[in-house]
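> Attaching a predicted model along with its sequence, questions to come.
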Amino acid sequence: MDPWGRGRGPTGYEPCPDLSRAGRRGRRRAGEGADGLRAMASSPAPGASVNLPSELLSPALAYLAVVVVLAVAIQTAIGFGSMLVCVTLGASVWSVPELIPVLIPLSVVQTSYIVARHHRRIAWGLLLRRVLPLMGLGLVVGGALVGASDRPWLRPALGVLVLSLAIRELLRSSAEVVTPPRWASVGALVAAGVVHGIYATGGPLLVWALGRQPLDRGTFRTTLTTVWLILNLVLIGFFVARGQLTEESLLRTTLLLIPMSLGIGLGELLHARVDEDRFRLGVWLVLAVAAVPLVLG
């Protein structure tokens, strides 16, 4: 035996048994690492780096891009609905916790554009004295509920919520005047904040809570858009604290900026030319159909 731990073999020297076993273990680990990298490339884990070409070719992202065009057009036209449409339709291919951190920064960009362009039409009194304090309280509660649970209930609960709202809106007469009593309006505003903290979809409850405010169509739209801008900035703070804003989510958000821009342009045209009541009914019909598979699991 060689004093350096080498034994004679047919070729003169061969590695000692300990080093040979270590080499085999290293090769096995390398093979396992390669398999892991292939799996990550096909289905990246949260927080993992994302390959840009594969992400661009992702069918799920292409589907979400179409949803974003539709959803942003709806919100630009009537003042709410983009997150409701995106989350309801997007939840069929992505989990809700994965989806919302992708969409909220996108919503901030879209709502910033609307607010900057139409800021003179914001009803600041209604916003500061009534809407933001109550919805802000609910937002904190909703954010805490999501952060404190493992969230398997998010998809079916979202489906039940959307289906209930859609049925109510489809059965309600377009001429019906809804003026909720003050106590109900206060409760609905807090509930809207809770729903927004969980799903970022507090719009329908907020619209009901406000009833028939003496606001023209443009002022109503811009005021609601300002609400979403402010609350979604708070949600981004929640995401940062929880580590939900990752390289992966931000890349997807960036790739969806072009569909969002198309949706804004389409929404501005719809706002000026389409009958709003009929348009809303069409939106709720689509949401009702999309909510059914979420409820069924």
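Nice, I can see it.

> ok, residue 67 - contacts?
85, 86, 89, 90 (Cβ atoms under 8 Å, 6 or more residues apart in numbering). All C-beta atoms are positioned from the backbone trio N, CA, C, and that covers glycine.

> any chance you could map the helices in the protein?
Assigned by DSSP state H, the chain shows helices spanning 17-42, 52-56, 59-78, 82-90, 96-118, 124-126, 132-147, 154-171, 182-199, 203-210, 217-242, 247-255, 257-273, 276-296.

> pLDDT weak spots in the stretch 151-297 of the chain?
Residue ranges of the stretch 151-297 of the chain with pLDDT under 70: 151, 173-178, 212, 297.

> So what are the structural domains in the chain, by residue number?
The chain breaks down by automatic domain parsing into domains covering 1-43, 52-296.

> Pick the most deeply packed of those.
domain 52-296 (a mean of 18; mean count of other Cβ atoms under 10 Å).

> from the middle of its chain, how far away would that one be?
9 Å (Cα atoms, centre = their mean, to the nearest Å).

> repeat for stretch 286-297
On Cα atoms, centre = their mean, the centre of stretch 286-297 falls 17 Å from the chain's centre.

> Other residues contacting it?
Stretch 286-297 has contacts (Cβ under 8 Å, 6+ apart) with 84-85, 88-89, 91-92, 155-156, 158-160, 162-163, 165-167, 170.

> swap in stretch 268-285?
Contacts for stretch 268-285 (Cβ under 8 Å, 6+ apart): 73-74, 76-78, 81, 85, 165-166, 169-170, 174, 217, 221.

> how about CSV for those residues, with distance to residue 257 added?
As requested, the contacts of stretch 268-285 are exported to CSV (distance: Cβ to Cβ, whole Å):
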residue, distance to residue 257
73, 15
74, 18
76, 15
77, 20
78, 22
81, 19
85, 18
165, 29
166, 29
169, 30
170, 33
174, 35
217, 27
221, 22
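
> Which member of these is positioned nearest residue 114?
Of all those, residue 114 sits closest to residue 76, with 6.6 Å by Cβ to Cβ.

> Touching, that closest one and residue 260? I think so.
No - contact criterion Cβ atoms under 8 Å: residue 76 and residue 260 do not qualify, at 9.8 Å.

> Common neighbours of these two, please.
What both residue 76 and residue 260 touch, as defined by Cβ under 8 Å, 6+ apart, is the set residue 110.

> State the distance from the residue nearest to the spatial centre of the chain to residue 159.
Central residue of the chain (Cα atoms, centre = their mean): residue 100, 2.3 Å from the mean position. According to Cβ to Cβ, to the nearest Å, residue 100 stands 16 Å off from residue 159.
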